[in-house]
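Colleague: Below are the sequence and a predicted model for it; my questions follow.
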Amino acid sequence: MLNLLRKDYIALKSSLWSIIFYFVVFSVAFIPTVEMSMYFVGIYTAFGSIMLATMIDIKNHNHKFLVTLPLSRRNIVQAKYLSAVLYTLFGVFASSGAHWLVNFLFPELNKPDLSVLDILISIGMVLVLISIYMPLFYALSKKGAGIINTVFMFVLIILAQPVASLMSMAGENGMGRASVYVLVSVCILLLFIASYFVTVRLFARKDL
């Protein structure tokens, strides 16, 4: 498993500048102008990194090579899900750090104070996106990866503001109770686990 994660890092190493570029662009675009930029910067950076990693796999024909090794396809999928979680944590925590720095250096922007709940919500939203994206990626792979990435990026752009407004309304209507968040968290985890098993099944049946 560790070697598979190292493989992802080595494959992505030459493109790390792209992830930094995503983070800088999203920060500059959202932090000064969008009240809920904490979510947007973290989610866009994390998911952009995940899409970049999957496209590198396609470009380098990594799956065709990996299945020739003494590895189960289940382990290959496990490593990809774990690496996606690591990209998620990077994007969300980088966004948190950037917003903390902006609050310190530019208090006149009046950015809302960050909370643990903000971080957990961002992570949860990315996990939902991963749960939908991964089965589609492994099902369509090379033939549809570019289309999937394009569709997901458009969906993120189109739904960003409506989702932000819905979250704000939910908080105003008293839906911020701990029990609700616990229930939502459990549902997200179950969706993530179910997505993993679906992806394993799809990849196991795929002829490479």
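Modeller: Okay, I see it.
Colleague: ok, now which ones touch the residue nearest the centre of the chain?
Modeller: Centroid check for the chain by C-alpha atoms, centre = their mean gives Phe47 as the closest residue, at 3.5 Å. Counting by C-beta atoms under 8 Å, 6 or more residues apart in numbering, Phe47 makes contact with 91, 126, 129-130, 133, 152, 156. C-betas here are computed from N, CA, C, even on glycine.
Colleague: hey, where'd the helices end up in the protein?
Modeller: Listed in chain order, the helices of the chain (DSSP state H) span 2-13, 16-30, 37-59, 62-66, 73-105, 116-172, 178-205.
Colleague: same question for the second one, mean pLDDT?
Modeller: Helix 16-30 shows a mean pLDDT of 87.
Colleague: now for it, which elements pack on it?
Modeller: For helix 16-30, the elements it packs on are helix 37-59, helix 73-105, judged by 3 or more C-beta pairs under 8 Å, 6 or more residues apart in numbering; DSSP states H and E.
Colleague: Most tightly packed of those?
Modeller: Stretch with highest mean neighbour count among those: helix 37-59 (a mean of 23; mean count of other C-beta atoms under 10 Å).
Colleague: Figure out how far it is from the centre of its chain.
Modeller: Remark: helix 37-59 is offset 6 Å from the chain centroid, using C-alpha atoms, centre = their mean, to the nearest Å.
Colleague: what angle sits between it and helix 73-105?
Modeller: Angle, helix 37-59 to helix 73-105, by axes from the mean of the first three to the mean of the last three C-alpha atoms, to 10 degrees: 150 degrees.
Colleague: Could you pull up the mean pLDDT of helix 37-59?
Modeller: 85.
Colleague: how about low-confidence regions in this protein?
Modeller: 1-14, 60-70, 142-144, 159-178, 207-208 (pLDDT under 70).
Colleague: Mind doing that once more with 90?
Modeller: Low-confidence segments of the chain, defined by pLDDT under 90, are located at 1-22, 26, 29-40, 43, 48-80, 83, 102-122, 124-125, 136-185, 202-208.
Colleague: any idea how far Val41 is from the residue of the chain most remote from its centre?
Modeller: In terms of distance from the mean C-alpha position of the chain, Glu108 ranks first, at 30.3 Å (C-alpha atoms, centre = their mean). From Glu108 across to Val41, the span is 19 Å (C-beta to C-beta, to the nearest Å).
Colleague: circling back to that earlier point, quick one: which of the helices and strands packed on helix 16-30 is nearest Phe30?
Modeller: Phe30 sits nearest to helix 37-59 of all the helices and strands packed on helix 16-30, at 3.8 Å, using C-beta to C-beta.
Colleague: Turn the helices and strands packed on helix 16-30 into TSV, including distance to Cys187.
Modeller: Formatted as TSV, those follow (distance: least, C-beta to C-beta, whole Å):
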stretch	distance to Cys187
helix 37-59	18
helix 73-105	17
